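**Student:** this is a predicted model, with the sequence first.
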Amino acid sequence: MTLREFFLENFAGDLEYHPRRAVLYLSLATAALCYWFFSPSEVKFAAIPLVFVLGGLTLLLKGIFLLRKSSEGLGLSEQELADVSGPTNRKRLPSIATQAAQIVQDFGTGTFLLWPLLNVGKDIDNSWSDPPRLRVFLAGAVLFSLGWLIRRLTSSPTA
């Protein structure tokens, strides 16, 4: 498996159209964003609320992709898309443990990849002199790794 295939599988491997999973992702994104929004203003820019807002943004984006019928064929040729879109060839849903691990991994991905946005916040508000970049990055890396590990341990071995 090449590095490109690894990242494609982890970040975009399960983006097929699925409205029920989309509602779950959008609900969790709303909850995470509400945690940040309703945090007291003096702790709103601490590490934990920032992890929630960045993870919530990722869950929101993935929920939108899960609602789009066209996202099922992301990266496929027209022939492969025609083969996938048949009702007999649809993917089965993974187990609950695998889905929960995927959600933890996606949540961590937002924090892991979007932490440079904290520099933009520092540029907007000059009073925010020391954003917790390292703590947010490490929290995202730990959540991403934990989700990836649980997903690998709970997935069925392929033949």
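**Tutor:** Arrived safely. Residues are numbered from 1 along each chain as shown.

**Student:** confidence score at the residue nearest the centre of the chain?
**Tutor:** Centrality entry for the chain: nearest residue to the mean C-alpha point is residue 106, 2.3 Å, by C-alpha atoms, centre = their mean. Residue 106 carries a pLDDT value of 89.

**Student:** that one is in what secondary structure piece?
**Tutor:** For residue 106, the enclosing helix or strand under DSSP states H and E is helix 96-114.

**Student:** just the buried residues of that helix, please?
**Tutor:** By neighbour count on 16 or more other C-beta atoms under 10 Å, the buried set for helix 96-114 is 98-99, 101-112, 114. The way it works is simple: take the backbone N, C-alpha and C, and place the C-beta from them, glycine included.

**Student:** show me what it is packed up against.
**Tutor:** Helices and strands touching helix 96-114, by 3 or more C-beta pairs under 8 Å, 6 or more residues apart in numbering; DSSP states H and E, are helix 19-37, helix 47-67, helix 133-154.

**Student:** recalculate using a threshold of 10 Å.
**Tutor:** helix 3-12, helix 19-37, helix 47-67, helix 133-154 (3 or more C-beta pairs under 10 Å, 6 or more residues apart in numbering; DSSP states H and E).

**Student:** quick check: which of those is buried the most?
**Tutor:** helix 47-67 (a mean of 21; mean count of other C-beta atoms under 10 Å).

**Student:** how about low-confidence regions in this protein?
**Tutor:** Scanning the chain for pLDDT under 70 picks out 3-13, 70-94, 122-128, 156-159.

**Student:** correct me if wrong: residue 137 contacts residue 110.
**Tutor:** No. Counting by C-beta atoms under 10 Å, residue 110 is not a contact partner of residue 137; they are 11.6 Å apart.

**Student:** who touches both of these two?
**Tutor:** Here residue 137 and residue 110 have residue 51 as joint contacts, going by C-beta atoms under 10 Å, 6 or more residues apart in numbering.

**Student:** next one: the residue nearest to residue 113 when sequence neighbours are not counted from residue 129, what distance?
**Tutor:** Distance criterion C-beta to C-beta, 6 or more residues apart in numbering; nearest residue to residue 113, sequence neighbours excluded, is residue 140 at 7.4 Å. Using C-beta to C-beta, to the nearest Å, residue 140 is found at 22 Å from residue 129.

**Student:** equivalent analysis for residue 102, please.
**Tutor:** Residue 102 sits 37 Å away from residue 129, going by C-beta to C-beta.

**Student:** since that was my last question, I'll sign off now.
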